[in-house]
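Q: my questions concern the predicted model and sequence given below.
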Amino acid sequence: MFDSLMEGKESLQEMAISQSVGIDSDIKKVILDDVLWERVSSSQKILKPIAAAIAKIEGDGAILSDVQCLFAELKEEIQTILPTSLLLKAEETAVVKSLEQRREFCMKPVHAAAYMLDPKYYDKGILSGEEINSAYAVITAMSDHLGLDKGKVLGSLAKYRTKQGLWKGDGIWQSCQHISAVLGRLTNVRVEKLVGIRANLRLFEPDTEPSSTRLESDTEEEDSELDAEEVDMLLDDDEVQEESTD
């Protein structure tokens, strides 16, 4: 909205100056006031990095490990912009507080775990002690869920953290800077194919589901079939009775 407003600044001011266009004097004064446009420009500078962060996290290339670093970079950028803005000190404090509240709301232990396991963030070191502990908790819980040996999983994690074994060579650390984790994720097309395969496989499965899990439409179709059978039976009975009467 602010981008559009700034793009139309000259047109709006020309319209306000024009005598052929009837504009309220108060509105005209506001449009021609330089303070308005300075404040719009100041607010625009604050909102731009936030809008860019939202666009990145909502994009097709977004991954969990990026969220941690994204918030850290956003906070640093906002704190650099605020001193040059037209906001009061209390307003600057409110902006920083709002950003921190949003971070606390969005960030979950799984983001810390993903960040810890992403080689490209190996030496960034922005995780707090509490976040590291929560990351280990997530990894341990996932090991239990997948039926893996927690000892082996944590042992592999220790080798990764200390660059031992598989992670000892420099080649793997250099390559991770050029390969995105997005390459291994499920794309929309792949998900659609998997759903189609699953739906077709279910056609070959026996109907062992309890009646409570069946679709309502199936029940309605069965009811309509039963009703049709009952009607046929009644018609047959009427014919029999007519024949007996004759």
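A: Sure thing, it's come through.
Q: average pLDDT for stretch 147-158?
A: Mean pLDDT, computed over stretch 147-158, is 92.
Q: quick check: buried residues in it?
A: Buried residues in stretch 147-158, defined by neighbour count with 16 or more other CB atoms under 10 Å: Val153, Leu157. C-beta here means a position set from N, CA and C on the backbone, and glycine is covered the same way.
Q: what of stretch 85-105?
A: Buried residues in stretch 85-105, counted by 16+ other CB under 10 Å: Ser85, Leu87, Glu92, Val95, Leu99, Arg103.
Q: Three-state assignment for the last one, please.
A: Right, Arg103. Local secondary structure at Arg103 is given as helix here, using DSSP: H, G, I helix; E, B strand; the rest coil.
Q: got a list of what the residue lying closest to it once chain neighbours are set aside touches?
A: Of all residues not flanking Arg103 in the chain, Phe71 sits nearest, at 4.7 Å (CB to CB, 6 or more residues apart in numbering). Listed by CB atoms under 8 Å, 6 or more residues apart in numbering, the contact set of Phe71 reads Ala53, Arg103, Cys106, Met107.
Q: tell me the spacing between the most centrally placed residue in the chain and Ser98.
A: Taking CA atoms, centre = their mean, the centroid of the chain lies closest to Glu58, which sits 5.6 Å from it. Distance from Glu58 to Ser98, counting by CB to CB, to the nearest Å: 19 Å.
Q: list of residues touching the helix or strand where Arg161 lies?
A: In this assignment (DSSP states H and E), Arg161 forms part of helix 150-162. Contact with helix 150-162 is made by Leu117, Tyr136, Ile139, Thr140, Ser143, Asp144, Gln164, Gly165, Leu166, Trp167, as judged by CB under 8 Å, 6+ apart.
Q: can you pull out the helices in this structure?
A: Remark: helices assigned in the chain by DSSP state H are 2-7, 9-17, 25-31, 34-57, 64-81, 89-106, 109-117, 129-146, 150-162, 170-175, 188-202, 216-245.
Q: ok, now which ones touch Pro119?
A: Neighbours of Pro119 in contact, by CB under 8 Å, 6+ apart: Ile172, Trp173, Cys176.
Q: one more: Trp167?
A: Trp167 touches Lys159, Tyr160, Trp173, counting by CB under 8 Å, 6+ apart.
Q: how near is the last one to Lys120?
A: Spelled out, it's Trp173. Counting by CB to CB - Trp173 and Lys120 are separated by 9 Å.
Q: low-confidence regions, the chain specifically.
A: Residues of the chain meeting the criterion pLDDT under 70: 19-21, 180-187, 207-246.
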